[in-house]
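> Need the 3D shape of this:
(chains A and B)
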Amino acid sequence: MDAFLGQVFTGLSVGSVLILIALGLTFTFGQMNVINMAHGEFIMAGAYTAFVLQDLIGTDTSLVVALPVAFVIAGTLGLLLELVLVRRLYGRPLDTLLVTWGVSLMLQQLARDIFGAPNVQVRAPGWLGGSLHLAGATLSYSRIFIIGLVVVSVVGIWVFLTRLPQGARMRAVMQNRQLASCSGLKTHSIDRLTFFIGSGLAGIAGVALTLLGSTGPTLGTNYIVDAFLVVVVGGLGQLRGAVIAAVALGLLNAFVEFSTEASIARVAVFVAIVAFLQFRPQGLFVMKSRALT
Amino acid sequence: MTALAVPKLGTLTPWKRRGIFLAIGLVLVVVAPAMLSGFRLALLGKYLCFAIIAIGIDLAWGYGGMLTIGHGLFFGMGGYCMGMLLKLQEAGPGKLPDFMVWSGVEKLPALWKPFGSPVFALSAAILVPMAVAAALGALIFRRRVRGAYLAILSQALAAAFAILLIGQQGVTGGTNGLTNVTTFMGYDLNDPVNQRSVYLLIAVCLGIMYLLARQIVESRYGRVLMAVRDREDRVRFLGYNPTTVKVIAFAISAGMAGLAGALFVPVVGIISPALVGIVPSIEMVIWVALGGRGTLVGAVLGALVVNYAKTTLSEAYPAGWLYLQGLLFVVVMAFAPKGVAGIAKVLKERFGGRKVPPQPVSHQPAEAAEPAT
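Numbering: from 1, shown residues only, chains lettered A, B, ... in the order given. Now for the predicted structure:
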């Protein structure tokens, strides 16, 4: 029972970080048809932000300060990417994949030049040191903090999307770009906003990841593939889909890994996803559309 | 993706094309082995293996519109099939390959058993990637999932395969892979004569694969494949089944990568997970992108040039190469999506004496026309 609970907990915490990463991807993919491989490097930027801040202002407060700062830094990087490159590539999703991968290569090398190739460690603040004992399982405070952080972020995004005018505009462009444009929305500035928020979320995910392991130039690449699978399973531009798919993927991974081993878990999860697509090729949730294909 | 024009076959007469093909073949088969040192020749052999992969990717991506980031996987499968055969041959009958002894494996794993037979191993090197690609392609294309999902799923599969290889230390040699391959079908690979034979084998295979791809592209099937790339719905409405068309091209493409993997092992002497995962898979795509997708010559040239640049530059400036590689991706894809071959064509049209009539603007492919739903 305690081992079971432990696995559920591990799966949940990994899955919740995936939610943050996948949300940005699913919005940019769903709204602009952009496959952003550099998203992983925004995670890395967030993680390095936490690393830099801990030396500047000390570990006790740095984590909390790092969250908004990482959001802004990663978001700005995303905005720059949109302004300089992605803008030219709308309507060519496969090309955006390759271009942004090139960007991600350069950002990784930049991180290597600035912070060095070896991984760096972000020390968790003292108040996250211990762990909670519940029904025989050990739940570390840092993982609980991550889950809480993600819950807050997801609720925040949900409120933004459903209650605020900017969010309503974002949904409008996501559902039907032409119609939104006809109705007088400046779709381009909304695209930029989406890119900023999506990338910013990746930055927050990066800060959260510093609590789970060390930070290195290739931090993002380890998560980006899983995050894309979450997008595929959850459905494009779907908040609900991303949340459910990410948690499911995290849990599935944790359990298969628990019963066999990590390397087989990856293959098993992949097979499960391809099988799932046979039943729901568009993912869990689909935006209704009369468009062909 | 921008629609690529159907290649015009009228610019060169068939005899001229055959002449050029023969001339290049002659350079590769006769001149290069005579001029280059053993080390340089092995490097060229490696590049030619990569050129075979590039032809395959070009078939799938350039002509079929299927962007695959999983060709490292197919390449690796071919490579491992060959590597297992060569390690078994090297160990001798009834003995275990060296790395298994090191990692404490006592009995030959069941997976390895059939690979003692050269016929089985060589056919597996090509057929296993084809089967995996056909299965993956059929499952994805059958349900008409978005085109971009193939890229995401194939990349996930390549990553999973690389992790599987690393995890199964006793069976696959783990992170190191299968190393120290020193014999090929009983011939000593340290002997320059045998090295040259392996090189010639690769060059001949590249030639055959090029001709095969040429035939496919110019056949009726090739036309349908390009039509599927540009406007899949319309092809479906005309009564073709796009799934079959795409699966065939994807499987052939994977088979070529498998063949390249099998040829790669004797010339380089190693196959490891580092050659299999996402990073090498995307690198393979950039060769084709740089050379010019949708032109076979462009794909081959792209593979040769990028790899030559990589060897030369990454030795001198390791960090600089990574920046340059990223920059290459960005510049080529964002500003010259048809690659060097496309640039050459534009220059020819602008400055060449003969006026080429403007190409009719092809309709946007399904993906671009589709509103962001």
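> show me the contacts for the residue nearest to residue A:233 when sequence neighbours are not counted.
The shortest distance from residue A:233 to any non-neighbouring residue, by CB to CB, 6 or more residues apart in numbering or on different chains, is to residue A:245 (4.0 Å). Where you see a C-beta, it was placed from the backbone N, CA and C, and this is true even at glycine. For residue A:245, the contact set (CB atoms under 8 Å, 6 or more residues apart in numbering or on different chains) comprises A:22, A:229, A:230, A:231, A:233, A:234, A:283, A:284.
> 6 Å instead?
A:230, A:233, A:234 (CB atoms under 6 Å, 6 or more residues apart in numbering or on different chains).
> what's the answer for residue A:230, then?
By CB under 6 Å, 6+ apart, residue A:230 lies in contact with A:18, A:22, A:242, A:245, A:246, A:249.
> which one among the residues you listed gets closest to residue A:124?
residue A:18 (20.3 Å; CB to CB).
> my hunch is that that closest one is in a strand, does that hold up?
No - counting by DSSP: H, G, I helix; E, B strand; the rest coil, residue A:18 is not found in a strand; it is helix.
> Residue A:64: neighbour count?
Neighbour count for residue A:64, taken as other CB atoms under 10 Å in any protein chain shown: 11.
> For the helix or strand hosting residue A:54, name the packing helices and strands.
Secondary structure assignment for residue A:54, by DSSP states H and E: helix A:39-57. With contacts taken as 3 or more CB pairs under 6 Å, 6 or more residues apart in numbering or on different chains; DSSP states H and E, helix A:39-57 sits against helix A:59-84, helix A:187-209, helix A:219-234.
> Give me the contact status of the helix or strand that comes right after the longest one with chain B.
In the C-terminal direction, the helix or strand that comes right after helix A:59-84 (DSSP H and E) is helix A:93-115. Yes - Helix A:93-115 reaches chain B (CB under 6 Å from any CB of the partner chain) through A:93, A:94, A:95, A:97, A:98, A:99, A:101, A:102, A:105, A:106, A:109.
> how big is the angle separating helix A:93-115 from helix A:39-57?
Using axes from the mean of the first three to the mean of the last three CA atoms, to 10 degrees, the interaxial angle of helix A:93-115 with respect to helix A:39-57 works out to 30 degrees.
> Mind listing what's buried along the helix holding residue A:54?
Neighbour-count burial for helix A:39-57, counted by 16 or more other CB atoms under 10 Å in any protein chain shown, picks out A:39-54.
> Which one of the residues in the stretch 251-373 of chain B is closest to chain A?
The nearest approach of the stretch 251-373 of chain B to chain A comes at residue B:329, 2.6 Å away (CB to the nearest CB).
> can you count the residues close to the residue nearest to residue A:241 when sequence neighbours are not counted?
In this structure, residue A:241 finds its nearest non-sequential neighbour in residue A:234, 2.9 Å apart by CB to CB, 6+ apart. Residue A:234: 28 surrounding residues under other CB under 10 Å.
> just residue A:260 next, same as before
13.
> which parts of chain A sit against chain B?
A:31, A:33, A:35, A:85, A:88, A:91-95, A:97-99, A:101-102, A:105-106, A:109, A:177-178, A:225, A:228-229, A:232, A:263, A:266-267, A:270, A:274, A:277-278, A:281, A:287, A:289, A:291-293.
> Just the buried ones from those?
Here, 16+ other CB under 10 Å leaves A:31, A:33, A:35, A:85, A:91-95, A:97-99, A:101-102, A:105-106, A:109, A:177, A:225, A:228-229, A:232, A:263, A:266-267, A:270, A:274, A:277, A:281, A:287 buried among those.
> now the helix or strand hosting the residue nearest to residue A:233: mean pLDDT?
Element membership of residue A:245, judged by DSSP H and E, is helix A:239-259. Helix A:239-259 shows a mean pLDDT of 88.
> and it, which residues are buried?
In helix A:239-259, counting by 16+ other CB under 10 Å, buried: A:239, A:241-258.
> Same check on stretch B:239-251?
B:242, B:243, B:245, B:246, B:247, B:248, B:249, B:250, B:251.
> same question, stretch B:327-335
B:328, B:329, B:330, B:332, B:333, B:334.
> In helices only, show me the residues you listed.
Within those, residues falling in helices by DSSP state H are B:328, B:329, B:330, B:332, B:333, B:334.
> can you tell me the residue of the stretch 151-293 of chain A closest to chain B?
Using CB to the nearest CB, the closest approach of the stretch 151-293 of chain A to chain B is made by residue A:263 at 2.4 Å.
> How about residue 196, nearest residue that isn't a chain neighbour?
I'll assume chain A. Closest residue to residue A:196 apart from its sequence neighbours, by CB to CB, 6+ apart: residue A:75 at 4.3 Å.
> wrong one, chain B
Counting by CB to CB, 6+ apart, the residue nearest residue B:196 is residue B:33, at 5.3 Å.
> Tell me the residues of the stretch 1-150 of chain B that contact chain A?
Counting by CB under 6 Å from any CB, the residues of the stretch 1-150 of chain B lying close to chain A are B:1, B:67, B:139, B:143, B:145, B:148, B:149.
> Considering these, which possesses the most neighbours?
residue B:67 (28 neighbours).
> Do I have it right that residue B:181 meets residue B:88?
No - between residue B:181 and residue B:88 there is no contact under CB atoms under 6 Å: 11.0 Å.
> Residue B:47: neighbour count?
Neighbours of residue B:47 (other CB under 10 Å): 23.
> Could you do residue A:204 as well?
Going by other CB under 10 Å, the residues that sit close to residue A:204 add up to 28.
> my read: it touches residue A:69, true?
No - the criterion here is CB under 6 Å, and residue A:204 misses it with residue A:69 at 10.1 Å.
> check contacts around residue B:82.
Contact partners of residue B:82, counting by CB under 6 Å, 6+ apart, are B:125, B:262, B:265.
> Once you drop chain neighbours, what's closest to it?
residue B:262 is the one closest to residue B:82 (CB to CB, 6+ apart), at 3.9 Å.
> Wasn't that neighbour part of a helix?
Yes - under three-state DSSP, residue B:262 falls within a helix.
> Please, which helix or strand holds residue B:159?
Counting by DSSP H and E, residue B:159 is found in helix B:147-167.
> quick one: that helix to helix A:219-234, angle?
130 degrees.
> Tell me which residue in the stretch 101-250 of chain A sits closest to chain B.
Distance from chain B to each residue of the stretch 101-250 of chain A (CB to the nearest CB) is smallest for residue A:102, at 2.6 Å.
> surely that residue meets residue B:333?
No - the pair residue A:102 / residue B:333 is not scored as a contact, 7.1 Å apart, by CB under 6 Å.
> Name all residues that make contact with the nearest residue to residue A:15 once chain neighbours are set aside.
Distances taken as CB to CB, 6+ apart put residue A:250 closest to residue A:15, at 2.4 Å, once the chain neighbours are dropped. By CB under 6 Å, 6+ apart, the contact set of residue A:250 is A:11, A:14, A:15, A:18.
> Near the residue nearest to residue B:174 when sequence neighbours are not counted, how many other residues are there?
Distance criterion CB to CB, 6+ apart; nearest residue to residue B:174, sequence neighbours excluded, is residue B:166 at 5.7 Å. For residue B:166, the neighbour count with other CB under 10 Å is 21.
> now do the one 5 residues further on
Residue B:171 is flanked by 19 other residues according to other CB under 10 Å.
> got any ranges where chain A has weak pLDDT?
A:1, A:135, A:289-293 (pLDDT under 70).
> picking up where we left off before, present the contacts of residue A:230 as TSV; the columns should include distance to residue A:79.
Listed next are those as TSV, based on distance: CB to CB, whole Å:
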residue	distance to residue A:79
A:18	23
A:22	20
A:242	21
A:245	27
A:246	24
A:249	28
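> Assign a three-state SS to residue B:107, would you?
coil.
> Now it, what are its backbone angles?
Per-residue torsions, residue B:107: phi -110, psi 150 (degrees, to the nearest 10).
> before we move on, the earlier item: which ones are touching the closest residue to the residue of the stretch 101-250 of chain A closest to chain B other than its chain neighbours?
Excluding the flanking residues, the one nearest residue A:102 by CB to CB, 6+ apart is residue B:329, at 2.6 Å. Applying CB under 6 Å, 6+ apart to residue B:329 gives the contacts A:98, A:102, B:286.
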